[in-house]
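1. predicted model, plus sequence, below.
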Amino acid sequence: MFSRSLRVSSSLQGNLRNFGTTKQCNVKVAVAGASGGIGQPLSLLLKQNPLVTELSLYDIVNTPGVAADLSHINSPAKVKAYNGAEALKEAFSCAEVIIIPAGVPRKPGMTRDDLFNTNASIVRDLAVAAAEVAPKALIGIISNPVNSTVPIASEVFIKAGNYDPKRIFGVTTLDVVRANTFIAEAKNLDPIKTNVPVIGGHAGITIIPLISQATPKVSFPADQLKALTERIQEAGTEVVKAKAGTGSATLSMAFAGARFAISLIRGLRGESNVIECAYVRSDVTEAKYFSTPILLGPNGVEKNLGLGPLSDFEKELVKAAVPELKKNIEKGEKFVKG
């Protein structure tokens, strides 16, 4: 059901590199957390893309230096720095797309949930500003734990009286990128032409790669299928351990975040068949938020494409993920509601 459409998104890997092949449009993209480990390479990738007209970089510190550095790149996007909390609203004003990688990174031994107290406050404050000055922006949230930070942002918009569930997304694209890479490696396939939908959430057992729906079609013995699934679910921890206390998945997350941002822009432009997996308000399971393939359009979510046909193994993964997601969602909502 999704394989043909997901192939469209994989072409973004070329779009991230190639200037001049795509017609320009007026799109302001704001990056909140632009000076950080994800924010800098993410901003670099967005600066390269001809679909971005204006790049608004916001962070608490060091933003002018990042903006000055990027502004020397000979690509069309104009770069502007916004430094400190007092500049936040101006940074977001009139933005069509807001991408939020702000927050603290994971360290060895930390789960995404360990980041909650710090990152929850950051996402809440950013959402408050966005709800006031850019209520119609498409918002992509990278800050972990995504399973909880997306409900936090949603509750802020609900309080502000301008909530549109079609415009707030948890960026789970990295799970798709990893699944594509790992499956391609296992089967000696071209990773750019390999597409694996990933549903559920963005932490541990809530990450559910639908290997049965992969393109090209693949199959694995039960033990290898289980091992691949677990590797995809724990890939973030793999990077944290490899970096040995110096950081988390920043470069791959920046790539995935840029891919998702560009897909949002392509949807805004009215391009057809733009599909990405994303964590959104949903009624496809008992969890209020759930990641599935989403058809993107000018208003954000054009259509939720749902789960598709699941294998028995994948049905069990969904069954295990939903209770965990419910807890994560409730934790985020309670943080805002008090």
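-> Nice, I can see it.
2. going by C-alpha atoms from here, please, whenever you check contacts or count neighbours.
-> OK.
3. burial count for Glu185?
-> 12 (other CA atoms under 10 Å).
4. in the helix or strand encompassing Ile265, which residues are buried?
-> Under the criterion of DSSP states H and E, Ile265 resides in helix 251-268. Using 16 or more other CA atoms under 10 Å as the test for burial, helix 251-268 gives 252-268.
5. could you do stretch 125-140 as well?
-> By 16+ other CA under 10 Å, the buried positions in stretch 125-140 come out as 125-131, 133-140.
6. which of those fall in helices?
-> If you go by DSSP state H, the buried residues of stretch 125-140 have 125-131, 133 in helices.
7. how about TSV for those residues, with distance to Leu307 added?
-> Compiled in TSV, those are given as follows (distance: CA to CA, whole Å):
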residue	distance to Leu307
Asp125	33
Leu126	31
Ala127	29
Val128	32
Ala129	33
Ala130	31
Ala131	30
Val133	35
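8. so which of the residues you listed comes closest to Val198?
-> Nearest to Val198 out of these is Ala127 (CA to CA; 26.0 Å).
9. now do the same contact list for the nearest residue to Lys89 once chain neighbours are set aside.
-> In space, and not counting its chain neighbours, Lys89 is closest to Ala129: 5.6 Å by CA to CA, 6 or more residues apart in numbering. For Ala129, the contacting residues are 88-89, 92, by CA atoms under 8 Å, 6 or more residues apart in numbering.
10. all strands of the stretch 51-200 of the chain, in order?
-> 54-59, 78-83, 97-100, 138-141, 168-170, 198-200 (DSSP state E, counting those that start in this stretch).
11. pLDDT weak spots in the stretch 51-200 of the chain?
-> Applying pLDDT under 70 to the stretch 51-200 of the chain picks out residues 112.
12. now do the helices in it.
-> Under the criterion DSSP state H, counting those that start in this stretch, the stretch 51-200 of the chain contains helices at 63-71, 88-92, 116-133, 146-160, 173-187.
13. how about those in TSV, adding distance to Leu310?
-> Listed next are the helices of the stretch 51-200 of the chain as TSV, based on distance: least, CA to CA, whole Å:
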stretch	distance to Leu310
helix 63-71	44
helix 88-92	40
helix 116-133	31
helix 146-160	22
helix 173-187	16
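14. comparing these, which comes out most buried?
-> Ranked by mean neighbour count under mean count of other CA atoms under 10 Å, the helices of the stretch 51-200 of the chain are led by helix 146-160, which reaches a mean of 25.
15. how far off centre is stretch 81-88?
-> Centroid separation for stretch 81-88 versus its chain: 23 Å, with CA atoms, centre = their mean, to the nearest Å.
16. restricting to C-alpha, output that stretch in PDB.
-> Coordinates of each C-alpha in stretch 81-88 appear next as PDB, following Å, rounded to 0.1, in the frame of the first residue of the first chain:
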ATOM      1  CA  ALA A  81      20.100  34.800  13.700                       C
ATOM      2  CA  TYR A  82      17.900  35.200  16.800                       C
ATOM      3  CA  ASN A  83      19.700  34.900  20.100                       C
ATOM      4  CA  GLY A  84      18.100  34.600  23.500                       C
ATOM      5  CA  ALA A  85      14.600  34.100  24.900                       C
ATOM      6  CA  GLU A  86      13.600  37.700  24.100                       C
ATOM      7  CA  ALA A  87      14.100  37.100  20.400                       C
ATOM      8  CA  LEU A  88      12.000  33.900  20.200                       C
END
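17. check which residues of that stretch are buried.
-> Under the neighbour-count criterion of 16+ other CA under 10 Å, stretch 81-88 has 81-83, 88 buried.
18. closest to Val240 out of these?
-> Using CA to CA, Asn83 comes nearest to Val240 of the buried residues of stretch 81-88, at 28.5 Å.
19. what sits against the residue lying closest to Gln213 once chain neighbours are set aside?
-> Nearest residue to Gln213, sequence neighbours excluded (CA to CA, 6+ apart): Val196, at 6.6 Å. Counting by CA under 8 Å, 6+ apart, Val196 touches 3, 176, 179-180, 209-211, 213-215.
20. mind doing that once more with 7 Å?
-> 176, 179-180, 209-211, 213-215 (CA atoms under 7 Å, 6 or more residues apart in numbering).
21. re the thing from before, put together CSV for the strands of the stretch 51-200 of the chain, with distance to Val301 on each row.
-> Below are the strands of the stretch 51-200 of the chain laid out as CSV (distance: least, CA to CA, whole Å):
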stretch, distance to Val301
strand 54-59, 23
strand 78-83, 28
strand 97-100, 13
strand 138-141, 10
strand 168-170, 9
strand 198-200, 16
